[in-house]
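Asker: Please find the sequence and the predicted model below.
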Number of protein chains: 2
Amino acid sequence: MSSSPMTIRAAIVGYGNLGKSVEKLIRAQPDMDLVGIFSRRSELGTDTPVFPAASAADHAQDIDVLFLCLGSATDIPEQAPGYARHFTTVDTYDNHHLIPDHYATMDAAARQGGNVAMISTGWDPGLFSLNRTLASALFPDAQQNTFWGKGLSQGHSDAVRRVPGVRRGVQYTIPNEEAIVEAKAGRGAEISATSAHVRECYVVADEADHAAIREAITTMPDYFAPYDTTVHFISDEVFERDHQGMPHGGHVVTSGDLGGSRSSVEFVLELESNPDFTAASQVAYGRAAARLKAEGKTGAFTVLEVAPYLLSPVALEELIRRDV
Amino acid sequence: MSSSPMTIRAAIVGYGNLGKSVEKLIRAQPDMDLVGIFSRRSELGTDTPVFPAASAADHAQDIDVLFLCLGSATDIPEQAPGYARHFTTVDTYDNHHLIPDHYATMDAAARQGGNVAMISTGWDPGLFSLNRTLASALFPDAQQNTFWGKGLSQGHSDAVRRVPGVRRGVQYTIPNEEAIVEAKAGRGAEISATSAHVRECYVVADEADHAAIREAITTMPDYFAPYDTTVHFISDEVFERDHQGMPHGGHVVTSGDLGGSRSSVEFVLELESNPDFTAASQVAYGRAAARLKAEGKTGAFTVLEVAPYLLSPVALEELIRRDV
Ligand SMILES: NC(=O)c1ccc[n+]([C@@H]2O[C@H](COP(=O)([O-])OP(=O)(O)OC[C@H]3O[C@@H](n4cnc5c(N)ncnc54)[C@H](OP(=O)(O)O)[C@@H]3O)[C@@H](O)[C@H]2O)c1
Ligand SMILES: NC(=O)c1ccc[n+]([C@@H]2O[C@H](COP(=O)([O-])OP(=O)(O)OC[C@H]3O[C@@H](n4cnc5c(N)ncnc54)[C@H](OP(=O)(O)O)[C@@H]3O)[C@@H](O)[C@H]2O)c1
């Protein structure tokens, strides 16, 4: 069995939504110290020590795990391998179809530096990935569906805001409850991405424009036309009160026959803040990365390769007593 | 990364509900061969080869993993360590407060034999244990509740059948939906075991006895009096049609604050057959046990110590492409 957990010296690179959430959560861990934040900007408005991103390698000896809180679009592909040569890293890279390439690149870089690179943590990829593998391993012929939401969709909110007359607007993607029931009953193969989700828009606009805006949104090709879309007109006050957050979540539903009986397995997340929960997963997998490195492991790891006890600050003996 | 999975030679000891389910499921695995069943009885009514339980050790060279499908009350404590000295084993031992002792005993026996002993798989303990550890590792101060059901309860069904006038009876434990909503909202600390569950009884009896039976059941101390209990009187035909199965399931609900936002994580099982699903988990962890042994590992392992990819017959590269 494992001994009591180590103390982990942590640092962050990139101080956007995710970096801010990781900062809060590292401070709440019993076994982590926050050494500092590396940024391309010099003023971040935090009392954590801030260092230039370009100087990160100079601090390598003081840091057990570096949280890469950079954008997935270009930052991670360009910069993550460089960090992996100097640090044990953990990222939330979410460009699903490029994850095998990212794995290979990070594996080579981390091995070169004698480090661990924990890739694509968060919730999707991340905890949803773990549940997809776990649940499908139980059934000889699994039917699996992933539903996203209730979640704020940035791309669709932008599309709403481009409609003439819209002063403020947001769009939420919401799983279709009937589709979830169908998936649990094993009829998930017939569910398309469009029938699995409905779209709800909240818009601030002059009353005179409401009809034209509703028509423009619900008939917008690709974005809204194929979906069951509802447009709600609200006041500025309600918009400010209820629509400033970044909620998200979803369901992974897996079901199948087990030789004459059916069973279903469902994993559900309801998140008031997408970056806070993504950070919670990243921080837990950061703990695992530091422990794997301390055990002498090197190279890239996905969440599929991490034993669950490594995520917890509680010692294995106590977890067995408490949770098994 | 791992290479393609190995072929695993599997055997079963104990042919009750669980053993029968494991037999069906081993046959449905692409990477397992079923060598035989060991039993204390000689006639089992199966076309799988049957051997006397007492002769098991003679077959040790032909078997990569032995599924212990024995009762938890006395069989496992008495017999499991003996098997672990000769075989890599996997059990579903579910006596929660004795699991740390079972871990220690199996660890010593398995190390003595150079084997792996995968203990307390199934769903609770098992997949629920994994989710308790995983979800509580995400929150600095997690609130966690486990709800059981809808499930057939053997002990409570026996209590119903002992009531005078009851000809046939079953009892289902059902999670209280309102309590689940409360738990997700972070108010789970106030939920007691009695308020978390309701009890539904289905009884066949003469009409003249109904009122007395309902009164006897709902006021029975400990078993029913503290719970919201409903008694339904049904016909023999309905009893035979609808109440012959062994459904079970439950929810692990975890929630907490992440520095200003709340999130909840829920893991839900709906099982038409408790033994079939317990077997599905046991078989997947049996695969992991055989692989850990092939890697040279020895000793006892809980589900908390198993990386998820080890459960799947699909190679890691393909899992990363498909699920991450
Ligand atoms: N796996 C999952 O479940 C999951 C879920 C959600 C998000 N993600 C991933 O997480 C990544 C990061 O998300 P995010 O919301 O943190 O992105 P973000 O806020 O856009 O931040 C990305 C980077 O932009 C820079 N930045 C942030 N605010 C800035 C500002 N005001 N001015 C100039 N530069 C600024 C920061 O780097 P500097 O400090 O160096 O300037 C930061 O690291 C996303 O790309 C997404 O792929 C994954
Ligand atoms: N972890 C979990 O989630 C979970 C869930 C459900 C159950 N469980 C565990 O699984 C254990 C096994 O459950 P089970 O439902 O398979 O128990 P079971 O049907 O009572 O079988 C237990 C043993 O009794 C013997 N037996 C079965 N039928 C018999 C018969 N007709 N006559 C004489 N002996 C018979 C069998 O051994 P022989 O073949 O040698 O006679 C068998 O191994 C339970 O004790 C429970 O602890 C765990």
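Answerer: Cool, got the structure. Numbering: from 1, shown residues only, chains lettered A, B, ... in the order given. Ligands and ions are numbered 1, 2, ... in the order given.
Asker: Looking at the stretch 51-200 of chain A, what residue ends up closest to ligand 2?
Answerer: As assessed by C-beta to the nearest ligand atom, ligand 2 sits closest to residue A:138 within the stretch 51-200 of chain A, at 12.5 Å. C-beta here means a position set from N, CA and C on the backbone, and glycine is covered the same way.
Asker: One more: chain A?
Answerer: residue A:324 (9.8 Å).
Asker: Is that residue in contact with residue B:127, as I believe?
Answerer: No. The criterion here is C-beta atoms under 8 Å, and residue A:324 misses it with residue B:127 at 11.1 Å.
Asker: residues shared between the contacts of these two?
Answerer: By C-beta atoms under 8 Å, 6 or more residues apart in numbering or on different chains, residue A:324 and residue B:127 have these common neighbours: residue B:303.
Asker: same for the strand or helix carrying residue A:249, what does it pack against?
Answerer: Taking DSSP states H and E as the definition, residue A:249 sits inside strand A:248-257. Strand A:248-257 is packed against helix A:127-136, strand A:143-148, strand A:151-152, helix A:177-184, strand A:262-271, with contacts defined by 3 or more C-beta pairs under 8 Å, 6 or more residues apart in numbering or on different chains; DSSP states H and E.
Asker: Run a quick neighbour tally on residue A:290.
Answerer: Per other C-beta atoms under 10 Å in any protein chain shown, the neighbour tally for residue A:290 reads 26.
Asker: can you tell me the distance between the two ends of stretch A:208-227?
Answerer: Using C-alpha to C-alpha, to the nearest Å, one end of stretch A:208-227 lies 25 Å from the other.
Asker: what sits up against that stretch?
Answerer: Contacts for stretch A:208-227 (C-beta under 8 Å, 6+ apart): A:156, A:159-160, A:163-166, A:194, A:197-199, A:201, A:203, A:205, A:229, A:231, A:233.
Asker: Count the neighbours of residue A:154 for me.
Answerer: By the criterion of other C-beta under 10 Å, residue A:154 has 11 neighbours.
Asker: and if you look at residue A:238?
Answerer: 13.
Asker: With the one 4 residues further on instead?
Answerer: Residues within reach of residue A:242, counting by other C-beta under 10 Å, total 11.
Asker: tell me the contacts of it?
Answerer: When contacts are counted by C-beta under 8 Å, 6+ apart, residue A:242 touches A:202, A:234.
Asker: circling back to that earlier point, indicate which one of the helices and strands packed on strand A:248-257 is closest to ligand 1.
Answerer: Short answer: helix A:127-136, nearest of the helices and strands packed on strand A:248-257 by C-beta to the nearest ligand atom, at 7.7 Å.
Asker: got a pLDDT number for the nearest residue to residue A:57 once chain neighbours are set aside?
Answerer: Leaving aside its sequence neighbours, residue A:57 sits nearest to residue A:86 (C-beta to C-beta, 6 or more residues apart in numbering or on different chains; 4.7 Å). According to the predicted model, the pLDDT of residue A:86 comes to 98.
Asker: Would you check that residue A:86 makes contact with residue A:61?
Answerer: No. Look at residue A:86 against residue A:61 with C-beta under 8 Å: they stay out of range, at 9.8 Å.
Asker: Have a look at these two and say which one is more surrounded.
Answerer: Taking neighbours as other C-beta under 10 Å, residue A:86 and residue A:61 compare with residue A:86 leading, 19 against 8.
Asker: if I look at that one, how far off is chain B?
Answerer: To chain B, residue A:86 is 24 Å away according to C-beta to the nearest C-beta, to the nearest Å.
Asker: what residues are up against that residue?
Answerer: Contacts for residue A:86 were tallied using C-beta under 8 Å, 6+ apart; they are A:56-57, A:60, A:113, A:115.
Asker: again, only this time at 7 Å
Answerer: Listed by C-beta atoms under 7 Å, 6 or more residues apart in numbering or on different chains, the contact set of residue A:86 reads A:56-57, A:60, A:113.
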